[in-house]
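A.B. asks: Okay, predicted coordinates and the sequence, questions at the end:
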Number of protein chains: 2
Amino acid sequence: MTLKPVPKDSPKGESSPMYTISGLADEFGITPRTIRYYEEVGLLTSHRSTPTSHRLYDSRDRGRLKLILRGKRFGYSLAELAEILHLYDVDPTQKKQIKRTLEMGIKHLEEINEKIEELEELREEMIEFALSFLEIISEEKGDESDEMKAFIAGARAVVESMHGK
Amino acid sequence: MTLKPVPKDSPKGESSPMYTISGLADEFGITPRTIRYYEEVGLLTSHRSTPTSHRLYDSRDRGRLKLILRGKRFGYSLAELAEILHLYDVDPTQKKQIKRTLEMGIKHLEEINEKIEELEELREEMIEFALSFLEIISEEKGDESDEMKAFIAGARAVVESMHGK
DNA sequence: CTATAAACTTACGTTAACGTAAGAATCAGT
DNA sequence: ACTGATTCTTACGTTAACGTAAGTTTATAG
Ligand SMILES: [Zn+2]
Ligand SMILES: [Zn+2]
Ligand SMILES: [Zn+2]
Ligand SMILES: [Zn+2]
């Protein structure tokens, strides 16, 4: 009988969970190269026992990576993300940085609010269009099969349920 | 006295408003090159009197451009946008395309819904962080000027007002 | 009609964000 | 200690989405 397999991403002696580079890559559907690149441009950090050993990541690094990937999905460039994530790096005891950090943070929050509003507008537009599309093809009722009619009715129900939030 | 200046983007004899390429570019804060590029890759169309004359755009083209730019701001690639905007090109009398078009449209709508949820999560995370940040610097009350105190109070009010939607 | 201003085509240049390949080093299991 | 799987560094390659420059053509105002 072999030893209980230790979870690959939680090396034994450690107190907090640690992640390998390919562990994170697999989890987030990216490649190790991407993670190394983020470190290369100063967006992410890793921890090594010796300067030549393999990279390890703690849950804080993991959270930061998650934020980076999330930001990317909303069209932020890595440069913008570096600016935004700066908020998470500031030492709250350094009075000098506080004001600017808060200003930037609030500015970014307002940008996010605008983005949410715009996304909701986009959804509304698409919904309006889909509904008018459904309207048009319903008026052309003729050689439509029962299956097609059912499909159209189903589609209309789905779209309607999204309408008005 | 000169003639009443005709709006640059509404050539005289036309019934519906027409836009020039730089008119649209200025309006949306992009360059003519970008608009030509979108046409080059088949995302946008223009209308010309002769094959060599200047490009003109109607309000439908303008709306489409607006959608493209909006999509870009949410991280969609031009290829993805081409797929999404396909919904607007389909002939509703072509039974064959209807089903697939509706399926794609609903799929994209669901993606947008997920994006909105994710964006709201991101906002909540940032708000939580900002609040804890404000908490920390408030506990270190010592050599803070009145101006700084007021600033911090103001920031907290702003962030609080965003909290919980 | 002429002179600018805009727009056109063509084509090469640029940048961000990785991909990919090669060879060396490190780690994990036996 | 051996071995196969991972990871490492280095470095050149790639792609999307335009930027930019040059020379030409088309529109518009006087
Ligand atoms: Zn860390
Ligand atoms: Zn509506
Ligand atoms: Zn048109
Ligand atoms: Zn909360």
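C.D. replies: Thanks, I have it. Ligands and ions are numbered 1, 2, ... in the order given.

A.B. asks: From A:Phe28, how far off is the residue most central in space within chain A?
C.D. replies: Nearest residue to the geometric centre of chain A (Cα atoms, centre = their mean): A:Arg70, 2.0 Å. Using Cβ to Cβ, to the nearest Å, we find A:Arg70 at a distance of 10 Å from A:Phe28. Bear in mind the C-beta positions are built from the backbone N, C-alpha and C, glycine included.

A.B. asks: go on, A:Ile112?
C.D. replies: In this view, A:Ile112 and A:Phe28 are 21 Å apart by Cβ to Cβ.

A.B. asks: who's more crowded, those two?
C.D. replies: Here A:Ile112 and A:Phe28 are compared on neighbour count by other Cβ atoms under 10 Å in any protein chain shown; more neighbours surround A:Ile112, at 19 against 15.

A.B. asks: who's in contact with that one?
C.D. replies: Residues counted as contacts of A:Ile112 (Cβ atoms under 8 Å, 6 or more residues apart in numbering or on different chains) are B:Leu119, B:Leu122, B:Arg123, B:Met126.

A.B. asks: The second one touches A:Arg70, doesn't it?
C.D. replies: Same thing as B:Leu122. Yes: with contact taken as Cβ atoms under 8 Å, B:Leu122 and A:Arg70 are classed as touching, separated by 5.7 Å.

A.B. asks: okay, now the domains of chain A?
C.D. replies: Residue ranges of the domains in chain A are recorded as A:1-73, A:118-162, according to automatic domain parsing.

A.B. asks: Could you say which one of the ones you listed comes nearest to DNA strand C?
C.D. replies: With respect to DNA strand C, and counting by Cβ to the nearest atom of the strand, the nearest of these is domain A:1-73 at 3.1 Å.

A.B. asks: can you give me the mean pLDDT across the closest one?
C.D. replies: Along domain A:1-73, the predicted local confidence has a mean pLDDT of 86.

A.B. asks: what's the answer for stretch A:107-118, then?
C.D. replies: Per-residue pLDDT values over stretch A:107-118 give a mean of 94.

A.B. asks: in it, what counts as buried?
C.D. replies: Of the residues in stretch A:107-118, those scored as buried under the neighbour-count criterion (16 or more other Cβ atoms under 10 Å in any protein chain shown) are A:His108, A:Leu109, A:Ile112, A:Lys115, A:Ile116.

A.B. asks: Could you tell me which of these are located in helices?
C.D. replies: Per DSSP state H, helices hold the following members of the buried residues of stretch A:107-118: A:His108, A:Leu109, A:Ile112, A:Lys115, A:Ile116.

A.B. asks: Looking at the residues you listed, spot the one nearest ligand 3.
C.D. replies: A:Lys115 (28.5 Å; Cβ to the ion).

A.B. asks: so what's the closest residue in space to A:Ser16 that isn't next to it in sequence up against?
C.D. replies: Taking Cβ to Cβ, 6 or more residues apart in numbering or on different chains as the measure, A:Ser16 lies nearest to A:Asp58, with 5.7 Å between them; neighbours along the chain are not counted. For A:Asp58, the set of contacting residues under the criterion of Cβ under 8 Å, 6+ apart consists of A:Ser16, A:Pro17, A:Met18, A:Tyr19, A:His47.

A.B. asks: Backbone dihedrals for the fourth one, please?
C.D. replies: So that's A:Tyr19. Geometry field for A:Tyr19 lists phi and psi as phi -120, psi 140, criterion degrees, to the nearest 10.

A.B. asks: so it bridges to which residues?
C.D. replies: Judged by DSSP bridges, the bridge partners of A:Tyr19 are A:Tyr57.

A.B. asks: What about it, how many residues nearby?
C.D. replies: As a burial measure, the neighbour count of A:Tyr19 was computed by other Cβ under 10 Å and equals 22.
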